[in-house]
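>>> My questions concern the predicted model and sequence given below.
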Amino acid sequence: MNTLARTLIVATLVAAHGVAGAGPRYYGPPPYHHHHHHHGAGLGGLVLGLAVAVPLVALASRADPAPEVVYVPPPAPLPPPAPVRPAPVIYPRNGQSDVQREADLRECNRWATTQPAAMADAGVFQRAIEACMDGRGYTLR
């Protein structure tokens, strides 16, 4: 319970005590010449104080503290993807057959996966395949 809520509850109880205990108390039949002043709130002050304080205590204990505001910066933009060149057209320089070209291309793909950074960068992978196929006697355009 915060300090403000405690202060309000105590002030309310003190005020209720004062209101309930204010004024003279007259005892006996009329004429009211003889009166007694009783100090303190008595049962009326207690009832009034509790009637006001109990709901205040419930409100104060139920009140949620203000939510903490946390600044979260927006995520950094991702770099644009590197342009991927279309697969080149492969021409045999030494009269290789289509079956041989497919076998060489499979071997060059397998070899390209072993090159540093080829699996993380499509451009590096493509250049590795082109270098391999050039080495096996093919022209790429």
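Structure's in. What do you need?

>>> Break the protein into its domains for me.
3-62, 90-140 (automatic domain parsing).

>>> The strand or helix carrying residue 124: which residues count as buried?
For residue 124, the host element (DSSP states H and E) is helix 122-135. Within helix 122-135, the residues that count as buried by 16 or more other Cβ atoms under 10 Å are 125, 126, 128, 129, 130, 132, 133. (C-beta placed from N, C-alpha, C; glycine too.)

>>> can you check stretch 95-110 too?
So, applying 16+ other Cβ under 10 Å, buried residues of stretch 95-110: 96, 101, 104, 105, 108.

>>> Pick out the shakiest of the domains of the chain, pLDDT-wise.
Mean pLDDT per stretch puts domain 3-62 lowest among these, at a mean of 62.

>>> Neighbouring strands of whichever helix or strand comes after the helix holding residue 124 in the sheet, and parallel or not?
Helices and strands here follow DSSP H and E; after helix 122-135, the next one along the chain is strand 138-140. Using DSSP bridges, strand 138-140 pairs in its sheet with strand 90-92 (antiparallel).

>>> Let me know the angle separating the helix or strand following the strand it pairs with from helix 122-135.
Using DSSP H and E, the helix or strand that directly follows strand 90-92 along the chain is helix 98-112. Interaxial angle, helix 98-112 versus helix 122-135 (axes from the mean of the first three to the mean of the last three Cα atoms, to 10 degrees): 130 degrees.

>>> Does anything pack onto the helix holding residue 124? Which helices or strands?
Applying 3 or more Cβ pairs under 8 Å, 6 or more residues apart in numbering; DSSP states H and E, one finds that helix 122-135 contacts helix 98-112, strand 138-140.
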